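Asker: Let's see this in three dimensions:
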Amino acid sequence: MSTGLIVTIAIAAFLLIIIIGMYNRLISRKNAVDYANGAVDAMYKQRFDLIPNLVAAVKQYMQHESGLLQKLTELRTSGASNPNLTAQERNNLDQHFEQAIKTFNITVENYPNLKASEQFSKLQASLNECEAQLTAARRTYNAAIMEYNNALEMFPSNIMANMMSYKRKEMITIPQSEKVSPNVGDLFN
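Answerer: Residues are numbered from 1 along each chain as shown. Reported below is the predicted structural model:
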């Protein structure tokens, strides 16, 4: 074999390795974008599922707490405000009141920290965590898009990207109308 043929084969092999490397890097970056996009979708789904369930749980607890406390207040008020009750009526009222107190105490014993304000705090913490995770997923996606777009635009990988018909992708941007925090209070109406 002549030296010229060996040099030609070496150059061809070197170019082939470079082409394969560019091709694989472009595929890897495209897949990273797809993966990051899936992570963003997963976080949107989590938020979509989480918020209504948390709001429903807080509403349910508020109704339970409100109903129980309202019943206790009504029973106490009806006994105190009506001195003309017969002994039987007063005993019945006292039994109802005792039963309501037992129910309340059992609730407090089983769930000593159940207070509406704590439920709201938990709702807020869960919303904050979900939004933080969504923000992180968006940043990861945008970073993957930046690397992908850089590979599509930089020489010599741009030649391979054009041959593969890869197109520039847009980063996640938020319209001005969505830059306002959602009003969770509207969900309670």
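Asker: Of all the helices and strands in the protein, which has the lowest average confidence?
Answerer: helix 87-110 (a mean of 65; mean pLDDT, DSSP states H and E).
Asker: Which elements pack onto the very next helix or strand once past that one?
Answerer: Sequence-wise, the next helix or strand downstream of helix 87-110 (DSSP states H and E) is helix 116-153. Applying 3 or more CB pairs under 8 Å, 6 or more residues apart in numbering; DSSP states H and E, we find helix 116-153 packed against helix 3-81, helix 157-163. (Glycine included, C-beta is placed from N, CA and C.)
Asker: Using neighbour counts, pick out the buried residues of helix 116-153.
Answerer: 119, 123, 126-127, 130, 134, 137-138, 140-142, 144-145, 148-149, 151-152 (16 or more other CB atoms under 10 Å).
Asker: sorry, back to before: mind giving me JSON lines with the helices and strands packed on helix 116-153 and columns for distance to Ala100?
Answerer: As requested, those are exported to JSON lines (distance: least, CB to CB, whole Å):
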{"stretch": "helix 3-81", "distance to Ala100": "5"}
{"stretch": "helix 157-163", "distance to Ala100": "72"}
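Asker: Tell me which of those helices is the most buried.
Answerer: helix 157-163 (a mean of 16; mean count of other CB atoms under 10 Å).
Asker: Show residues contacting that helix.
Answerer: Applying CB atoms under 8 Å, 6 or more residues apart in numbering, the contact partners of helix 157-163 are Ile19, Met22, Tyr23, Arg25, Leu26, Ala151, Leu152.
Asker: if you set the cut-off to 10 Å instead, what comes out?
Answerer: 18-23, 25-26, 29-30, 148-154, 166-168 (CB atoms under 10 Å, 6 or more residues apart in numbering).
Asker: what do you get for stretch 142-156?
Answerer: 18-19, 22, 25-26, 28-37, 39-40, 157-158, 160-162, 164, 166-173.
Asker: Apply 7 Å and report the result again.
Answerer: Under the contact criterion CB atoms under 7 Å, 6 or more residues apart in numbering, stretch 142-156 has outside partners 22, 25-26, 29-30, 32-33, 36, 157-158, 161, 166, 168-169, 171-172.
Asker: Return the item of those residues having minimum pLDDT.
Answerer: Across those, the smallest pLDDT goes to Ile172, namely 78.
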